[in-house]
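Task: produce atomic coordinates for the following.
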Amino acid sequence: MWRNATVIFLAYGYVSASILGVLMYSWMYLRLLRDQRLLQHINPRRINIPLREILAFIVPGLSSILATVALSTVSIFLLGAIRTMSDVAYFRAVLPLAQMNSIVMASFTLLYTPSAARLLANSDYHAINKLYWQTAAWMSVISFPIFAVTFSLAQPLTVFLYGARYEQAAPILALLSFGSYFNVALGFNLQTLKVVKRLRYITVMSVLAVLLNVVLNVVLIPRFGAVGAAIGTAASLVIYNLLMQVGLLRAANFNAFDREYLSIYLAIASGAAGLFVFQYFSSLSIYLALPLTGCVSLLVLAIAKKKLKIMEVFPELLSLPFARLLT
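Below you'll find the model as predicted:
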């Protein structure tokens, strides 16, 4: 901004920052090896790399990551090739907002995968089911305020952040937000498939999801533009997660859904739908809509708190003055 430079200059900045980061981490890594006295034991001539075993584990994981990224980026490229740059701008502007629904899920991944792996080592499939759906319920409730704002309040949020000229991007945000939150609500199906070693299934379904996304976008973009791209992307995300869920059903002793948490998902669906309808017919400003969303989010938490067992998971909260509200 200070130089009034082009986006090419910004791209060079991103690349330079990435290179600097890699160099810094490499230097820190070498210092760590030296401090732990491990560097002297590393001899390139004696290193044996089990390439086949490594690739067998990496390819499925990498394919799922690439599929998740491709489901949104492919739509952008197809929009640019088939439609105008305005359509690309509408889609690209709201995409980061929709992806905020996955922030909580990314944080929970570090906690879920090791726990599921330990339970699998003991063949405790009932506990894996319990961990899976309890984690899914936790993520759904914590992510609900983000979903409510980006889905139910998509129109006022888009106008507030980007101005009236981006009002056409509101339905795009709502669709992308729904697809992203659907991924959160179904839980760690992909991570669980990795734990139970359904690696080939992950690879095949990831490729099919990307191909489906391409087909849907090619069909929908010429007629509906950026909204068509959002429909194709959201539909691909939903179908991809359903395919992952089918893969879990074929795994040993896994339940498609735990009815214990049905009330939580019904509360979430009712809250989001109610906010959407109320906003659609009343056209509230963002300043009134946000407090209303906060109240609905607290109501969802009140309905879900007994099922989530907050005090059992976080007993440290008992020392807080509002602890009784969470029991």
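
quick one: low-confidence ranges for the protein?
Low-confidence segments of the chain, defined by pLDDT under 70: 57, 251-253, 310-327.

quick one: the strands in it?
Shown for the chain, no strands are assigned by DSSP state E.

Per the annotation, how does it divide into domains?
Domain segmentation of the chain under automatic domain parsing yields 1-47, 55-261.

just these: most buried one?
domain 55-261 (a mean of 19; mean count of other CB atoms under 10 Å). C-beta here means a position set from N, CA and C on the backbone, and glycine is covered the same way.

returning to what we had before: could I get the domains of the chain as JSON lines with distance to residue 307?
Output for those, formatted as JSON lines (distance: least, CB to CB, whole Å):
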{"stretch": "domain 1-47", "distance to residue 307": "41"}
{"stretch": "domain 55-261", "distance to residue 307": "6"}
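
Tell me which of those approaches residue 296 most closely.
Between residue 296 and these, the shortest separation by CB to CB is 6.5 Å, and it involves domain 55-261.

Next, the distance between the ends of that closest one.
Separation of the first and last residues of domain 55-261 by CA to CA, to the nearest Å is 38 Å.

What is the burial count for residue 283?
10 (other CB atoms under 10 Å).

need the contact list for it.
Contacts were defined as CB atoms under 8 Å, 6 or more residues apart in numbering; by that measure residue 283 touches residue 156.

Try it again at 10 Å.
Listed by CB atoms under 10 Å, 6 or more residues apart in numbering, the contact set of residue 283 reads 155-156, 289.

do the same with residue 4
The neighbours of residue 4, taking CB under 10 Å, 6+ apart as the test, come to nothing; the list is empty.

can you give me phi and psi for residue 186?
When quoted as degrees, to the nearest 10, the phi and psi of residue 186 stand at phi -80, psi -10.

Tabulate the CA atom coordinates of stretch 182-194 in PDB.
Only the C-alpha atoms of stretch 182-194 are listed here, as PDB (Å, rounded to 0.1, in the frame of the first residue of the first chain):
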ATOM      1  CA  PHE A 182     -21.400 -29.400   7.400                       C
ATOM      2  CA  ASN A 183     -17.800 -30.700   7.400                       C
ATOM      3  CA  VAL A 184     -17.500 -29.600  11.000                       C
ATOM      4  CA  ALA A 185     -20.900 -31.100  12.100                       C
ATOM      5  CA  LEU A 186     -20.000 -34.600  10.800                       C
ATOM      6  CA  GLY A 187     -16.900 -34.600  12.800                       C
ATOM      7  CA  PHE A 188     -13.500 -36.200  12.200                       C
ATOM      8  CA  ASN A 189     -14.500 -38.800   9.600                       C
ATOM      9  CA  LEU A 190     -11.400 -38.300   7.500                       C
ATOM     10  CA  GLN A 191      -9.100 -38.500  10.500                       C
ATOM     11  CA  THR A 192     -10.800 -41.600  11.800                       C
ATOM     12  CA  LEU A 193     -10.500 -43.300   8.500                       C
ATOM     13  CA  LYS A 194      -6.700 -42.600   8.700                       C
END
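
Redo the contacts of residue 283 as a markdown table? Include distance to residue 226.
What follows is these, written out as a markdown table (distance: CB to CB, whole Å):
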| residue | distance to residue 226 |
| --- | --- |
| 155 | 15 |
| 156 | 19 |
| 289 | 24 |
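
which one of those residues is nearest residue 234?
Sorting these by how near they are to residue 234, with CB to CB, puts residue 155 at the top with 16.9 Å.

Please tell me how far that closest one sits from residue 148.
For residue 155, the distance to residue 148 under the criterion CB to CB, to the nearest Å works out to 13 Å.

repeat for residue 132
For residue 132, the distance to residue 148 equals 24 Å [CB to CB].

For the chain, just list every one of the helices.
In chain order, the chain shows helices spanning 7-35, 51-82, 85-99, 103-121, 125-147, 154-162, 170-185, 189-195, 199-224, 226-249, 262-282, 286-308, 310-313, with DSSP state H as the criterion.

And those: which comes nearest residue 44?
Smallest distance to residue 44 across the helices of the chain (CB to CB): 13.7 Å, for helix 7-35.

elements contacting the closest one?
The helices and strands touching helix 7-35, judged by 3 or more CB pairs under 10 Å, 6 or more residues apart in numbering; DSSP states H and E, number zero.
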